[in-house]
Each structure stands twice: as C-alpha cells, then as structure tokens.
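[1] just a sequence and a predicted model for now, questions to come.
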Amino acid sequence: MPSENRFGLKHFHGYPRFTEKSLFCYLCKDMNHLVTRQILWNVPIAFIVVMYALLFVLLCAFAWRGRYWWRRVTLGTPEESRVDQSFRRLWIALTEGVGEGTVVRESWGWIHYTFYVAFVGLFIGTSIVFLNSDLRYAAGLVGFDLYFYFGDFYLFFKAAMDTFFLALILGVTVVAARRLILVSPGATRSSLARFGRPSLLSSPPQQKLLDNLENFLGYWYPLLMLVLAAVTGLMLEGARINATHPSFTEWAYVGRQVGWIEGVLGAGIIFHRWLWLTHVLIVYLLLFAFPFSKLRHFLFGPINLFFRYLGPGGRLKPILNFETAETFGVSKIEEFTWKQLLDMASCLECGRCTINCPTATTGKALNPKFLVIEQREHLLDKTPYLLQTKAAAQEGGAAPFWTGPDMIKDVATEQAIWDCTNCGWCEEGCPVGIAHIQRIDDMRRHLVMMESRFPQEAVAAFKGIENQGNPWGLAAEKRADWAAGLGIPEMSALDDRSQIEVLYWVGCAGSYDERNQKVSRALTALMKQAGVKFAILGREERCNGDPARRLGNEYLYATVAQQNIETLDRYQPKRIVTQCPHCYHNLKKEYRDFGGEYEVVHEGEFLAELIRAGRLRPNTAVDQRITYHDPCFMARHDRKWSDAREALHAIPGAQVTDVDQSKNRTYCCGAGGGCFWKEEVGGTRINEKRLSQLEAAEPDTVVVSCPFCMTMIEDAVKSRSSEGESTVTLDLAEVIAKSTGIR
Ligand code: SF4
Ligand code: SF4
C-alpha cells in the first residue's frame, strides 16, 4: 500500500531496499528507489563513446592551455610574497572569486550572478548524474555503492535542475538584451554601430577592429552556447518524459510542459536520441570556449584573487636597491612581475574598471581595460621571442632580436601612462583583483628615471621639491608664514615636548596656497578651541614626496621620505594630524617601507573624534544643503568615509546629502597621481565632470577634505561663474569652525 512522506509524495513499499554497502544508505531510509530515471536511457553506446572521447580531449585542452599560460606568466620577474595569510587569501578567492562578491555589488551584477549560479548548479547536477552512473560502476568494482539518484532526492534534483535551466535562459536573455539595447547609460544604438564595441562603457580605438571582433565573439559565443545548452537540456528532459511517461513528473515542472509540447508535435524516442547528442555537442562547444577564450576567468579569477596584494590600500612598491639596480621601472613586458602578467591573463574584459575611471569617462587616452588587454596581447605576441631568448641563455646560444612594437611607445602609449590620477577606481571595480596603478607607475618610473621623458610641467614640481621642499618651489623659509601671529609652537622651539598631543602636519598646500592657508587657520583654531596641545614642524617640514612618487620620480621620493622620517623620528610625535589625504597616505602607509611608522589621522577622523568627546561643540546652525566630496585617498585607498560625515551630521541645520558617486565609489577631482602638477590632455575636464555629479544633490556648499580637491572643485565652480554658478566650496574644518562660532 502506498503511504505519503513529509513532502506529500507517494511511497510504495515492497521494492528492494538499497544495499547496505551504500555510502548513502542512511539517506535512503524513506526513499522510493523506483522514483528515478534510467541514466543514459535510449543513448547508443557510440554516442557514449563520443561523449567520453570529447571529455578526454577537453581535459587535454585544459591541461595544454594551463601549460600555455604557465609558460607566459612565469616569464615575469619575482614578486613580493603572495602566499602569506593563506586563509585570508583563500577566503577572498572563495567569496569574491567563486562567490562573485564584487560582481554582485555592481548594478546589474545580480543578472550575471543569476546565470553564473545556474551554470554552476547545472554543472554540479551533471556531476551528480555522472557520479550515479559510470562513476558508480567504477566505484562498485572496489566495493562502494555511490547511488543516491532516486526518491525524494531525485524529485528535488529535478525541480532544482529545471529552475537552473530557467534561470540560465532568463539571465542570459536579460544580459544580451541589455547589451543590445543599452550601450552606455541612456544611449540607444543601432546594431551596426554596436559592432566593435567590446564594452558597455568604453569605445575602443577604431584600428583595433580585430581585437574587437575577438572580443565581440568572446562575448556572444558563450552567451549563445549557454542559452542553447539550457534550451536543449530542457527539451531533452521533455523528450524523455514524453517518451517514457513516468508517473512522478510534477517536480520537473518545466520539462513536463516541454514534453507535452513535443508530444503534440510528434516527438518520439528517435528525436530524443539525436537531441541527446545535439545537447552533448552544444555543451562541449561551450566547455571548449573556457580554455580558449576570456571565459578562462572562471578559473583565473579566483586564482588571481588568491594572489592579490593584501597590503595597505594605494601603496606603491618602493625601489630599495638604488645603489645596485641597473634599470628602474618597467619598459618591457617581461620586466613586469609574474603577478602583473597573471593580472593580464585574468582580465575578463568586463569594463567595470572604466565605469568610474576619470580618464576613461572623460575621453582621455587612458582606458584601464584597454591598457591591460593591449599589454596582454603584446605579451602573447612576444612570448615566442622570450622563450627563444630564455632557451638561448640556458644553452649559451645567440639571443634573437626583438623587432616588434615597443611596449611603452606603441602598446601602452605615453599619453595613457601620464593620464592616470591614481584614484583607485579601476582596482575597486575590478572583480578579479587586477592592480593597475603599480603597473602604470612602473612605466612612469622607467620614463622618468631611465629616459627623462615626462610632461615638462612636472620639471618645476620636481625641482621645487628637491630645492625648496615644496612642489611650487616657493622659499622653504616661508613655509610657516601662514601661522604668523597665531601663537602656534614649532617643535624645534619647545623644550618640553611631552605635553604635545599631536603634531600638526600642514602639508605644502596648507602652508603655501592662499586658499588652503585659510583651512590651516580654521583647523588650528578648532584645535585651540578644543584644547588640543599641538605643534608644527615649521620650516623643518618638507613635501611628503607624493607628487614625485606618483609622477615616477622614485629617487626624489625616497630622498624626501628619508629626510622627513629623520625629522619625525627626532621628535617622536605621539600622533600626527593633517588635512591632506596625500600627506596622510604617505606618512601612514608609504613611509613604513623606509622605516617610518607613525600614528596618523586625517582631519575628518580627528574632528569627528573631538566632537564625539565633547571637546568641540558645533552649536551654531548652518542651514545649508551640504554634499561631501570624498577624496580618493581617504575613501577608496583607506576606506574611510564615515568620520567626515559624522562630523557634518553634528552641525545643526545642515542637510547632508550624498550623490551616487560617493564613499568608495567617489569620483576623482582630477588632481591625484601627480596630475595636479601637469596639464590635463584630451577629453573633457575631470573636475567639471565631478562638479556636475555633485550638483545632482543641488548643494549650497560642497565640502571637501583635501587641499587639491579644494582647488580642483573651486576651479570647476569658477569656470561656470558665467552661468551664474553659486555653489560654495569649503573644507570640512571651515564648515565645522563656522558651526562652533569661529569666524
Ligand atoms: S587609478 Fe583612476 S585614473 Fe588611473 S586607471 Fe584607475 S580608475 Fe583610471
Ligand atoms: S581590468 Fe578588471 S574590471 Fe577591467 S575589464 Fe579587466 S577584469 Fe574587468
């Protein structure tokens, strides 16, 4: 007599129980062994041979392509350790790589995630079928019975597979429709114009048509195969249901409908047989694309994430062997490290790095996606030559001559190298952990230190830092003039420094730039109001070296870093406060490589702390709409955006609103990466684009907390003064000072 189990499914007693040897027999107590299907039913042996022969070829292809990439990636130079913190690395690889954490974060990322989960689910499902069929027979030879493809499990399995098939079809269709209809936000393009546009958000140079064709096929071919595999999978299930009429098809809720249609159309077992072969061939056409196309990111993504850089965000690697090194920076592809070459191999050409990139989105020469792709193509072109050179070196033969393109001049192009603002968006957005900034800076280092080729405007900044300790080249002895009459002590003049709570690091802009001197005065007034015991270095302070380092002059950077470290170590400050995110970043994160370890806080953190402690009381209302512009070096490279907002929210009357491009998604003002010290070439102005974004919140006041953001945003506002622009730009310290009654 049948009875019902907890799912309301009929159990028929009297059928043979499962063998006691089964690994899964404990799962099977309440399961009906006849609720299943015969795996490989109606499939002739010849088809099965074809399936396994193709599987063998596929595995060989994976192994061959694995060796192919291994040989190319290992052409790179050694890298800092990338196997420390292995559990953390594994976690990142699993959550961000296998789990696609960074993909889901982006708008529309859930669509990719839907068909990714569906694909993985179907892959696991196919493996389960394999485990319960041929692998089961193989395991049976050594006394194991792996069979569990029946009963309740089978019914759940059917429902899950049908759901995955549907999700795959739906996900791929939505992604394809989005790609066909939307080329860039709000833009609709004809299909002809779309051809040759590999990314949703970035247009390639026209001459790269061949690459684009490859990219075009690399995008559409897998999508087509995915949808065909899912459709034929559902049809196959329907054809079997239609041909065998099992009595338990409710859970195959899609397959049974498809089977009904196939029945109406007269499909029979011959149709099922050939459909099986067709489905298998389509699946292989898809699987073969993995080792041979950008689908390799499926494997390379988690691997690259495992090896990603885990040190302080935004840090550049120092050159520590100036005395012995023969070359500096990178001018040839093989001079990059193996991890930088692995980055190139791992790029899936998704274009996420371009979404918020200030150069790509304002039409400049640098597009981080194209840069990494072009460098990868160059690596592949040059590999035979590099392998021959390697072999010649081992065997003592003559090395061949490279007559191909020059990596810097012809592949990356110098303008692209100088465009980067080091804002970090590309690294924030990249789902596979590709490090762009170090690669770009390595090429800048070569151009500056080996070839003396760099934007001429940077000469003045280099000379100024070298001779006067500031990039404007203004007199070093005037560094503390801004503080005249304010009664601010200098460290060198103090006999007893033990009472000094913080060393105020003013920075070059805060010391010399008229507008930013006001910020220095506001911040020091706030510190006095809060009763903070502080002092400055005065003339002993020098530029932190950031412009030199970011513009590739690592030698100059190392020199000033060492000078500053000597000064700081002499005074052993308990804490350093600065309003400049670039000073903050270097003192806190980059000086460590030169032996300087300090506790450094940015004004945003410091002011929030003083308000929290009740040492500052913002009591005066500031009845304004305020939008905070996050500096890249705080929000992105250091992931700090809440303190400044906390301080702003403490101001009575202030209505603080954020724009979409804020916090870790902030958009560069255009000054980072040393770009403040050179001309912006090509496209539209970055600071004007940033101002337009901020204006979406209709602010009365844009609040900044970086002296260079201040200049860039104010310049953008001024450039619109003829349009009646009335937005005011204030530093965080200035707006807090207003509300604490400081005039
Ligand atoms: S760091 Fe910023 S400017 Fe440079 S490539 Fe990345 S996103 Fe673009
Ligand atoms: S670098 Fe990263 S974000 Fe940019 S296209 Fe490649 S995978 Fe996508």
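    In hand now; what should we look at? Here the structure is a predicted model, which is why all the values come from computation and not from measurement. Residues are numbered from 1 along each chain as shown. Ligands and ions are numbered 1, 2, ... in the order given.

[2] and stretch 618-635, how far out from the chain's middle?
    27 Å (CA atoms, centre = their mean, to the nearest Å).

[3] that one and ligand 1 in contact?
    No - taking CB under 6 Å from any ligand atom as the criterion, stretch 618-635 and ligand 1 are apart, separated by no less than 7.6 Å. Heads up, the C-betas are built off the backbone N, CA and C, glycines and all.

[4] straight-line length of that stretch, end to end?
    One end of stretch 618-635 sits 24 Å from the other (CA to CA, to the nearest Å).

[5] what about the strands in the protein?
    2-4, 10-12, 502-505, 534-536, 576-578, 600-602, 625-628, 655-657, 701-704, 728-731 (DSSP state E).

[6] nearest to ligand 2, of these?
    Among the strands of the chain, the nearest to ligand 2 by CB to the nearest ligand atom is strand 625-628 (26.5 Å).

[7] who does the biggest helix by length in the chain touch, helix- and strand-wise?
    Looking across the chain with DSSP state H, the single longest helix is helix 209-244. Counting contacts by 3 or more CB pairs under 8 Å, 6 or more residues apart in numbering; DSSP states H and E, helix 209-244 packs against helix 109-131, helix 151-181, helix 255-264, helix 269-292, helix 368-395.

[8] would you format these as CSV with distance to ligand 2 and mean pLDDT included?
    Shown next, in CSV, are those (distance: least, CB to the nearest ligand atom, whole Å; pLDDT from 0 to 100):
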stretch, distance to ligand 2, mean pLDDT
helix 109-131, 12, 93
helix 151-181, 15, 92
helix 255-264, 36, 96
helix 269-292, 16, 96
helix 368-395, 4, 93
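
[9] ok so, going back, worst mean pLDDT among the strands of the chain?
    Here the lowest mean pLDDT among those goes to strand 10-12, at a mean of 38.

[10] what's the angle from the longest helix of the chain to helix 151-181?
    Helix 209-244 and helix 151-181 meet at an angle of 150 degrees, taking axes from the mean of the first three to the mean of the last three CA atoms, to 10 degrees as the criterion.

[11] tell me what angle helix 209-244 forms with helix 368-395.
    Using the same axes, to 10 degrees, the inter-axis angle of helix 209-244 relative to helix 368-395 is 100 degrees.

[12] in the protein, what secondary structure element scores lowest on mean pLDDT?
    strand 10-12 (a mean of 38; mean pLDDT, DSSP states H and E).

[13] any low-confidence regions in the protein?
    Low-confidence segments of the chain (pLDDT under 70): 1-33, 182-215, 722-725.

[14] again, 50 this time
    1-28, 184-207, 209 (pLDDT under 50).

[15] returning to what we had before: same list, the helices and strands packed on helix 209-244, but as JSON lines with distance to Tyr221 and mean neighbour count please.
    What follows is those, written out as JSON lines (distance: least, CB to CB, whole Å; neighbours: other CB atoms under 10 Å):
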{"stretch": "helix 109-131", "distance to Tyr221": "15", "mean neighbour count": "17"}
{"stretch": "helix 151-181", "distance to Tyr221": "12", "mean neighbour count": "18"}
{"stretch": "helix 255-264", "distance to Tyr221": "25", "mean neighbour count": "18"}
{"stretch": "helix 269-292", "distance to Tyr221": "6", "mean neighbour count": "18"}
{"stretch": "helix 368-395", "distance to Tyr221": "17", "mean neighbour count": "18"}
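
[16] dump the ones you listed to a markdown table, plus distance to Pro44.
    Below are the helices and strands packed on helix 209-244 laid out as a markdown table (distance: least, CB to CB, whole Å):
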| stretch | distance to Pro44 |
| --- | --- |
| helix 109-131 | 18 |
| helix 151-181 | 24 |
| helix 255-264 | 20 |
| helix 269-292 | 7 |
| helix 368-395 | 42 |
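
[17] so which of those helices is nearest ligand 1?
    helix 368-395 (3.9 Å).

[18] which other helices and strands contact the closest one?
    Going by 3+ CB pairs under 8 Å, 6+ apart, helix 368-395 lies up against helix 45-73, helix 209-244, helix 338-346, helix 437-449.

[19] let's go with 7 Å and repeat that
    helix 45-73, helix 338-346 (3 or more CB pairs under 7 Å, 6 or more residues apart in numbering; DSSP states H and E).

[20] is it true that Lys574 touches Glu501?
    Yes - shown here, Lys574 and Glu501 form a contact pair, counting by CB atoms under 7 Å, at 6.5 Å.

[21] what's the neighbour count on Ala671?
    28 (other CB atoms under 10 Å).

[22] list the contacts for it?
    By CB atoms under 7 Å, 6 or more residues apart in numbering, the contact list for Ala671 reads 708-709, 712.

[23] tell me how far it lies from Met710.
    10 Å (CB to CB, to the nearest Å).

[24] got JSON lines for the strands of the chain, with mean neighbour count too?
    As requested, these are exported to JSON lines (neighbours: other CB atoms under 10 Å):
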{"stretch": "strand 2-4", "mean neighbour count": "9"}
{"stretch": "strand 10-12", "mean neighbour count": "13"}
{"stretch": "strand 502-505", "mean neighbour count": "24"}
{"stretch": "strand 534-536", "mean neighbour count": "22"}
{"stretch": "strand 576-578", "mean neighbour count": "24"}
{"stretch": "strand 600-602", "mean neighbour count": "23"}
{"stretch": "strand 625-628", "mean neighbour count": "22"}
{"stretch": "strand 655-657", "mean neighbour count": "16"}
{"stretch": "strand 701-704", "mean neighbour count": "25"}
{"stretch": "strand 728-731", "mean neighbour count": "22"}
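
[25] CSV for those strands, including distance to ligand 2?
    As requested, the strands of the chain are exported to CSV (distance: least, CB to the nearest ligand atom, whole Å):
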stretch, distance to ligand 2
strand 2-4, 51
strand 10-12, 51
strand 502-505, 35
strand 534-536, 42
strand 576-578, 32
strand 600-602, 28
strand 625-628, 26
strand 655-657, 29
strand 701-704, 28
strand 728-731, 32
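
[26] need the residues of this structure near ligand 2, please.
    So the chain meets ligand 2 at 347-353, 368-369, 372, 429-430, 432, 434 (CB under 6 Å from any ligand atom).

[27] which among the residues you listed gets closest to Ile333?
    Val372 (11.9 Å; CB to CB).

[28] hmm, Leu342 and that closest one touching each other?
    No - Val372 is beyond contact range of Leu342, at 11.4 Å (criterion: CB under 7 Å).

[29] got a list of what Gln468 touches?
    Contacts of Gln468 by CB under 7 Å, 6+ apart are 474-476.

[30] between those, which is nearest Glu540?
    Looking across these and measuring by CB to CB, the closest to Glu540 is Ala476, at 9.6 Å.

[31] what about that closest one, neighbour count?
    Using other CB under 10 Å: Ala476 sits among 15 other residues.

[32] ok, Thr727 - contacts?
    699, 702, 717.

[33] distance check, it against ligand 1.
    Per CB to the nearest ligand atom, to the nearest Å, Thr727 is found 24 Å from ligand 1.

[34] ok, for Lys332, nearest residue in space, not its chain neighbours?
    Take Lys332 and drop its neighbours on the chain: the residue closest to it by CB to CB, 6 or more residues apart in numbering is Met407, 5.7 Å away.

[35] wait, that neighbour touches Glu334, no?
    No - counting by CB under 7 Å, Met407 sits too far from Glu334 to count as a contact (9.3 Å).

[36] who has more neighbours out of the two?
    Remark: of Met407 and Glu334, Met407 carries more neighbours, 23 against 19, as counted by other CB under 10 Å.

[37] that one and Leu380, how far apart?
    In terms of CB to CB, Met407 sits 13 Å off from Leu380.

[38] okay, and the common contacts of those two?
    Counting by CB under 7 Å, 6+ apart, Met407 and Leu380 have no contacts in common.

[39] who's in contact with the residue nearest to Lys332?
    Per CB under 7 Å, 6+ apart, neighbours of Met407: 331-333, 378.

[40] can you count the residues close to Gln85?
    Neighbours of Gln85 (other CB under 10 Å): 12.

[41] leaving out the residues flanking it, which one is nearest to it?
    The nearest residue in space to Gln85 (CB to CB, 6+ apart) is Leu310, at 5.9 Å.
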